[in-house]
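# can't give you the sequence, but here's the structure:
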């Protein structure tokens, strides 16, 4: 307890961040701050979609101000022997935060998610699970690649910024271990996903890279090349297994899989330290393993206890979770008042494959219309609406075809529907689901002077691929049209 108290005081005054940040000063302060931020942001991925912003921000403050400093006070910031060494006689080894940062974040995220409860519609009344795919696989993979790049600042930056004994050799081990573990993490996750579903799951593969990195982060300065590969492979392989256990057995809705990516992977790497270390680093494999186990238990136990108390208080006071209405609308609207993913951007359509010209550059002509003789001998004007539902990628070609036949005015809507096109199987983290509502684009075009038959032919020629799912075209009579600005009616309004 003396170590904890003096270590906490040392951390708060900036006097130390040892042994990983032995240089002290503002470099140590900066790394400590970034590590604390990282542990806090990991939690956000577990509680996404239903936690109140005020609850998450309050917890972030408490984690950075109390929970994380207590962990470092027991380990890195201890002025003398750390707490584990005082208990078992061997210090706890964690080079760049595999357990102290990522383990804390992953365990805290799992604890918070368990108390908060799953997202609405995640589980049915009988306990079966519904798949809620993410918004964009592209963004998800891009995010993991950005994290992979930044992880070199975590591991390699730590080795380069602080005096760690044999600097050049330590740096070479860290660079090698970080890279190999990241690579093998992707292979391990992809391999297990393939064995489970017969497909190489893209998201598991990407997250496997992060799991491999989290696994090696505690020990890259002491791990052999083959040890780094083994740690990365196992960290990636456990990802699909642990995520399935958490979501299906424990019924905890860990949205971004933060526990298997950061928590269990960080624990695994810390525990494997004595078995994969380069010769001469560990005096006794048994003693070091006991120290690693004790350190994991202490850090994990403190994190679970402190996080549980905080989120239970939030829940008891009604401040933990947003209302069902806000959750249904989306927290971007409810919490921030911003539509994060609007259907359309300015005056261009997101799915447009055409010229890309704006309304200012493209001259639109009105259709006008001609008087037609009815059977009763009176003159009246005829309006037709051509409604087509087509593949999104064909929008640009259809726009061009309509302009060529003289009917460039149109209304476009992103829609989804079901027709003769067969249903597809989707996969999200290895869980299959049926997709029978296909994404389409609906085009509405009102014409009078231009024959509706010409418009139909233009759309069909431009949208046709010869495969099921090309869409439908409907022609309907328009009784009247009114221009809002002028009040003109009929073809004058068009």
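Perfect, I can see it now. Just so you know, these numbers come straight off a predicted model, no measurement behind them. Numbering: from 1, shown residues only.

# can you confirm residue 194 is in a helix?
Yes: remark: residue 194 belongs to a helix, assigned using DSSP: H, G, I helix; E, B strand; the rest coil.

# now do the contacts for it.
Residues near residue 194 by C-beta atoms under 8 Å, 6 or more residues apart in numbering: 200, 201. C-beta here means a position set from N, CA and C on the backbone, and glycine is covered the same way.

# how far away is it from residue 479?
From residue 194 over to residue 479 the distance is 58 Å, taken as C-beta to C-beta, to the nearest Å.

# next, residue 466: secondary structure please.
Assignment for residue 466 (three-state DSSP): coil.

# what about it, distance to residue 391?
Going from residue 466 to residue 391 by C-beta to C-beta gives 12 Å.

# the more surrounded of the two?
For the pair residue 466 and residue 391, the greater number of neighbours falls to residue 391 (21 against 5), based on other C-beta atoms under 10 Å.

# who touches both of residue 466 and residue 391?
Joint contacts of residue 466 and residue 391 (C-beta under 8 Å, 6+ apart) do not exist.

# which stretches of the stretch 51-200 of the chain form helices?
Using DSSP state H, counting those that start in this stretch, the helices of the stretch 51-200 of the chain run over 53-62, 68-74, 83-88, 104-116, 137-161, 167-197.

# any chance of JSON lines for these, columns distance to residue 452 and mean pLDDT?
What follows is those, written out as JSON lines (distance: least, C-beta to C-beta, whole Å; pLDDT from 0 to 100):
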{"stretch": "helix 53-62", "distance to residue 452": "52", "mean pLDDT": "95"}
{"stretch": "helix 68-74", "distance to residue 452": "68", "mean pLDDT": "94"}
{"stretch": "helix 83-88", "distance to residue 452": "80", "mean pLDDT": "94"}
{"stretch": "helix 104-116", "distance to residue 452": "55", "mean pLDDT": "97"}
{"stretch": "helix 137-161", "distance to residue 452": "39", "mean pLDDT": "88"}
{"stretch": "helix 167-197", "distance to residue 452": "48", "mean pLDDT": "91"}
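
# kindly compare burial across those and name the winner.
Stretch with highest mean neighbour count among those: helix 104-116 (a mean of 27; mean count of other C-beta atoms under 10 Å).

# can you count the residues close to residue 252?
22.

# no, scratch that, I was asking about residue 199
Counted with other C-beta under 10 Å, the burial measure for residue 199 works out to 14 neighbours.

# what's the closest non-adjacent residue to it?
Once flanking residues are discounted, residue 199 sits nearest to residue 427: 6.2 Å by C-beta to C-beta, 6 or more residues apart in numbering.

# separation between that neighbour and residue 222?
For residue 427, the distance to residue 222 equals 38 Å [C-beta to C-beta].

# now residue 148: how far from residue 260?
17 Å.

# quick check: buried residues in the helix or strand harbouring residue 397?
Applying DSSP states H and E as the criterion places residue 397 in helix 395-404. By neighbour count on 16 or more other C-beta atoms under 10 Å, the buried set for helix 395-404 is 395, 396, 397, 398, 399, 401, 402, 403.

# after that helix, next one along is what?
With DSSP H and E, the next secondary element past helix 395-404 is strand 411-417.

# gap between that following strand and the chain center?
Remark: strand 411-417 is offset 26 Å from the chain centroid, using C-alpha atoms, centre = their mean, to the nearest Å.

# what sits up against the helix or strand just after it?
Per DSSP H and E, the first helix or strand lying C-terminal to strand 411-417 is strand 424-428. With contact meaning C-beta under 8 Å, 6+ apart, strand 424-428 is reached by 131-134, 197, 199, 201, 203, 432-436, 438.

# buried subset of the residues you listed as a PyMOL selection?
Command for PyMOL, covering only those of the contacts of strand 424-428 found buried under the criterion 16+ other C-beta under 10 Å:
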select buried, resi 132+197+201+203+438
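
# show me where the stretch 301-450 of the chain has helices.
Applying DSSP H, counting those that start in this stretch to the stretch 301-450 of the chain gives helices spanning 324-329, 331-336, 395-404.

# considering these, which stretch scores lowest in mean pLDDT?
Mean pLDDT is lowest for helix 331-336 among the helices of the stretch 301-450 of the chain, at a mean of 82.

# which residues belonging to that helix are considered buried?
In helix 331-336, counting by 16+ other C-beta under 10 Å, buried: 331, 334, 335.

# distance check, the last one against residue 53.
In this structure, residue 335 and residue 53 are separated by 5 Å, where distance is defined by C-beta to C-beta.
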